[in-house]
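Chemist: build me a model from this:
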Amino acid sequence: MCDGMTYPENIANMIEDFTFLDDWEDRYMHVIEMGKALPPLAKSEQCDANKVNGCVSQVWLVTDRSEDGKIHYRGDSDAHIVKGLVAIVINIFSGRSPEEVTKLDVEDILAKLGLSEHLSAQRSNGLMAMISRIQKEAQGYLQAP
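Modeler: Next up, the predicted model:
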């Protein structure tokens, strides 16, 4: 990438994939395809404790932490496009340390994906609610003894 900002390989690859998609319709379909590729959560995980507040659609995020301290996310939604947004968020944050999660420039990543200007206000708010929750959890891990 020419702007000097380097991202982990999986994020750089995702940005590159979206760059090849010329119009919003193609990007929209790609987001839906990413959602379809997400493994569904078990019904027992689709509970209030995992529900993301601030999303109009039903969205659940499950956080797991591995022995090496990395945070791993799984998620699901009852709406196709939103499930795709969940997949994007998981792709951005999963498998990183709490410090990495808090330092990623998510707004820049979303801008490079070309999503920011095309999402409805409600979907945008829901996306920000997911990101905010993930970053708050990571901040909590950093502050824990």
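
Chemist: residues contacting residue 122?
Modeler: residue 56 (C-beta atoms under 8 Å, 6 or more residues apart in numbering). Bear in mind the C-beta positions are built from the backbone N, C-alpha and C, glycine included.

Chemist: model confidence score at it, please.
Modeler: On pLDDT, residue 122 comes in at 88.

Chemist: tell me which residues of the host helix or strand of it come out buried.
Modeler: Using DSSP states H and E, residue 122 maps to helix 121-143. Within helix 121-143, the residues that qualify as buried are 123-124, 126-131, 133-135, 137-138, 141, counting by 16 or more other C-beta atoms under 10 Å.

Chemist: which of those residues sit farthest apart?
Modeler: 123 and 141 (27.6 Å; C-beta to C-beta).

Chemist: most centrally placed residue in the protein?
Modeler: residue 89 (0.6 Å; C-alpha atoms, centre = their mean).

Chemist: what about that one, helix or strand, and which?
Modeler: Using DSSP H and E, residue 89 falls in helix 80-93.

Chemist: and that helix, C-alpha only, in PDB?
Modeler: Taking C-alpha atoms only, helix 80-93 is exported to PDB below (Å, rounded to 0.1, in the frame of the first residue of the first chain):
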ATOM      1  CA  HIS A  80     -27.200 -11.400   5.300                       C
ATOM      2  CA  ILE A  81     -25.500  -8.100   4.800                       C
ATOM      3  CA  VAL A  82     -25.000  -7.700   8.600                       C
ATOM      4  CA  LYS A  83     -23.500 -11.200   8.800                       C
ATOM      5  CA  GLY A  84     -21.000 -10.000   6.100                       C
ATOM      6  CA  LEU A  85     -20.100  -7.000   8.300                       C
ATOM      7  CA  VAL A  86     -19.600  -9.400  11.200                       C
ATOM      8  CA  ALA A  87     -17.300 -11.400   9.000                       C
ATOM      9  CA  ILE A  88     -15.300  -8.300   8.100                       C
ATOM     10  CA  VAL A  89     -15.000  -7.300  11.800                       C
ATOM     11  CA  ILE A  90     -13.900 -10.800  12.700                       C
ATOM     12  CA  ASN A  91     -11.300 -10.700   9.900                       C
ATOM     13  CA  ILE A  92      -9.900  -7.400  11.100                       C
ATOM     14  CA  PHE A  93      -9.700  -8.200  14.800                       C
END
